[in-house]
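Trainee: Kindly generate the corresponding structure for this input.
(one chain, ligands or ions: 1)
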Amino acid sequence: MNHLLTKISCDTDEIKLKTLNELKNICNQCKACELSKTRTSVVFSDGSPNAKIMLIGEAPGADEDASGVPFVGRAGQLLNTFLEEAGLDRKKDFYICNTIKCRPPQNRVPTNEEKLSCQAYLMGQISIVKPKIILLCGATAANTFIEQEFKISQIRGKWLNIFDDIDVMAIFHPSYLLRNHSLEQGSPRWLMKKDLESIKNKLKELE
Ligand code: URA
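Mentor: Sure, this is the predicted structure:
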């Protein structure tokens, strides 16, 4: 994937914001796949372009399609709770986006064609924001970057060597946590808390 990162020079915050806005404007007009016919909004991003952490989810759902903002529905609210409990600030510490920017009908998993149509936007976002940490939230985001077969429960929580200068970790998707309520040691919610602790520690190391 590294070779796909275009070398866009964004030396100042002003240039960074301008370049991101230009990409967003292009994305807002996008008709590269069929999802453009059924979307209400293109869901480009939330959070800070200067954040050290980029969180990449799967795809917008109904609430995101209606509002144009990623992770605002039930899964997003649960994500917010986990971030707050870990002492992380969604607006300041994170730049949040998805592998694809338009909602698939009935929230089905994005197809490879849809992901490919949207790849330039995602890679552009990474290239411009230049995060120090990327969190792949759920299996769909993870398999955008990991070619081998994997189970999210086996790869989550490990620092992965995917990009040269970016620490990458896969974490559970909050939709999965909505279906798993236990907080017992070893449960998905317990593991999510543990992962967020190591992400917070990594963030501290980078300061
Ligand atoms: N799930 C995602 O993966 N992304 C969103 O923006 C909302 C729900």
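Trainee: Pick out the residue in the protein sitting closest to the ligand.
Mentor: Gly57 (2.9 Å; Cβ to the nearest ligand atom). C-betas here are computed from N, CA, C, even on glycine.
Trainee: got the contact list for that residue?
Mentor: Neighbour list for Gly57: 70-71, 96-99, 137-138, 141, 173 [criterion: Cβ atoms under 8 Å, 6 or more residues apart in numbering].
Trainee: of those residues, list those near the ligand.
Mentor: Among these, proximity to the ligand is found for 70-71, 98 (Cβ under 6 Å from any ligand atom).
Trainee: nearest to Lys202, of those residues?
Mentor: Each of the ones next to the ligand among the contacts of Gly57 was scored against Lys202 by Cβ to Cβ, and Phe71 proved nearest at 20.9 Å.
Trainee: pretty sure the closest one is touching Glu64, no?
Mentor: Yes: using Cβ atoms under 8 Å, Phe71 is in contact with Glu64, at 7.0 Å.
Trainee: Let me have the contacts of Gly57 in TSV, extended by neighbour count and secondary structure.
Mentor: As requested, the contacts of Gly57 are exported to TSV (neighbours: other Cβ atoms under 10 Å; DSSP: H, G, I helix; E, B strand; the rest coil):
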residue	neighbour count	secondary structure
Pro70	26	coil
Phe71	27	coil
Ile96	24	strand
Cys97	24	strand
Asn98	27	strand
Thr99	24	coil
Cys137	28	strand
Gly138	23	coil
Ala141	25	helix
His173	24	coil
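Trainee: how about those residues, which pair is most distant?
Mentor: Greatest spacing in those, by Cβ to Cβ: Cys97 and His173 (14.3 Å).
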